[in-house]
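>>> fold the stuff below for me.
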Amino acid sequence: MVRLSVVVPMFNAERFVDSCFEILDRQGLERSEFEVVVVDDGSTDATGELCSRYVSEWGNVTLLRQENSGAGVARNRGMDAARGTYLYFFDVDDELDDGSLRVLLERCESSDLDVLFFGGRVVYEPAECERDYPQDPNYFARRQPEGVVDGEEMFIRQSEDGNFCAQPCLLMTKLETMRAGGIRFAEGIVNEDNLFVLQATLRSRRADVDPTLRYTYVVRPNTVTTDNRTGGKRFLAHMVLAQEFELERQQAIAQGKDRLAAAIGAIIIWFMGIIEENCPEPIEEFKPFCDPRFAHLAMAARFVQQDVRNLRSTRDEAERARRAEARVAELEASTTWRVGRAVTAVPRALKRMIAR
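Residues are numbered from 1 along each chain as shown. Modelled structure (predicted):
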């Protein structure tokens with residue numbers, strides 16, 4: 001019986017392949033008890049060839065290949081191919097303490113958990129990365145108390161603690177729960193893991209926390225994460241994420257779950273700060289569409305993209321002002337705007353407190 005599926009997306013990762021499999025082989029599990037699903041996301045180096053050797057030698061490794069499509073697509077494909085009772089995502093260039101997967105899996109099984117969160121630490125390679133790409137170490141810690149609760153209560157605690165950590169490598173989930181809930185990674189954007197972690201948490205009946213720091217998140221230069229800490233990709237990603245989180249918030253409002261709605265709203269405000277910081281055009285007429293009141297609206301991303309193009313080609317100042325005002329009026333008249341006004345009421349001070 002396959003107790004655990006470990007999904008590992010890889011892209012041009014040849015220098016980490018051997019260490020990745022060595023780490024997985026030290027997790028205290030027999031190879032018959034777990035499988036490794038590697039998704040080669042269009043590598044142009046020897047990643048695929050190196051993984052093929054482990055397919056032959058280990059007997060519990062599946063190698064999937066695809067054109068370069070990003071981590072979201074790769075993880076979704078690996079999840080679709082998984083056969084284990086529980087599911088874990090591992091990043092090829094990070095580290096995991098010996099024996100961790102056995103401990104976490106046994107805890108999941110003994111308590112029939114849908115999701116188990118655990119802690120991590122940050123290291124920098126080389127050390128100069130701490131200056132160039134500083135991370136908040138508290139982001140990877142787990143501050144919630146141990147004890148089984150439903151996923152909504154767990155998320156509320158994480159949000160209220162300012163401790164929502166969108167790292168799929170820091171949780172183990174039940175595969176059946178993920179599939180039944182239609183839970184997926186966002187595709188085509190960076191920071192795709194935020195949506196998966198939110199929905200994996202909210203759709204879980206039984207959630208718990210292991211506060212032990214078992215995972216090592218390694219910050220290196222020239223990775224997808226470090227190369228997209230600022231700029232247009234991060235802006236658009238958080239526009240999409242804010243919209244998706246707002247759908248969850250609206251659902252909570254409709255169900256009378258005020259605490260949950262407020263908890264999701266706090267994360268949306270965090271996203272709004274990122275959106276404002278990465279606004280791609282410091283154009284006066286663009287400001288209405290960077291305003292946090294509009295960031296969570298389902299139509300905002302389309303408006304932003306179209307209006308930036310239009311504003312660049314329009315030279316008449318009066319016309320630009322008129323068009324911007326008309327768009328604001330259109331947004332304010334929408335049903336989504338009326339439903340979302342609760343987000344507007346949350347003070348900016350809360351946003352600064354939540355933002356990392």
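
>>> residue ranges of each domain in this protein, please.
When the chain is parsed with automatic domain parsing, its domains come out as 4-227, 232-354.

>>> reformat these as JSON lines; add mean neighbour count.
C-betas here are computed from N, CA, C, even on glycine. Shown next, in JSON lines, are these (neighbours: other Cβ atoms under 10 Å):
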{"stretch": "domain 4-227", "mean neighbour count": "18"}
{"stretch": "domain 232-354", "mean neighbour count": "17"}
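
>>> mean pLDDT lowest where, among these?
Lowest mean pLDDT within those: domain 232-354, a mean of 62.

>>> residue contacts, residue 67?
residue 42 (Cβ atoms under 8 Å, 6 or more residues apart in numbering).

>>> kindly apply the preceding question to residue 101 instead.
With Cβ under 8 Å, 6+ apart, residue 101 has these contacts: 4, 6, 24, 27, 28, 29, 34, 88, 172.

>>> any idea how far the closest residue to the fifth one other than its chain neighbours lies from residue 2?
In other words, residue 28. In space, and not counting its chain neighbours, residue 28 is closest to residue 102: 3.3 Å by Cβ to Cβ, 6 or more residues apart in numbering. Residue 102 is 14 Å from residue 2, where distance means Cβ to Cβ, to the nearest Å.

>>> what do you get for residue 162?
From residue 162 to residue 2 the distance is 37 Å (Cβ to Cβ).

>>> ok, residue 240 next?
Distance, residue 240 to residue 2, by Cβ to Cβ: 34 Å.

>>> kindly report the same for residue 20.
Distance from residue 20 to residue 2, counting by Cβ to Cβ: 19 Å.

>>> against residue 159, how distant is the residue nearest to residue 28?
As for residue 102, its distance to residue 159 is 31 Å (criterion: Cβ to Cβ).

>>> do residue 96 as well
Residue 96 sits 26 Å away from residue 159, taking Cβ to Cβ as the criterion.

>>> what of residue 76?
From residue 76 to residue 159 the distance is 25 Å (Cβ to Cβ).

>>> before we move on, what about residue 148?
Counting by Cβ to Cβ, the gap from residue 148 to residue 159 is 19 Å.

>>> could you do residue 125 as well?
31 Å.
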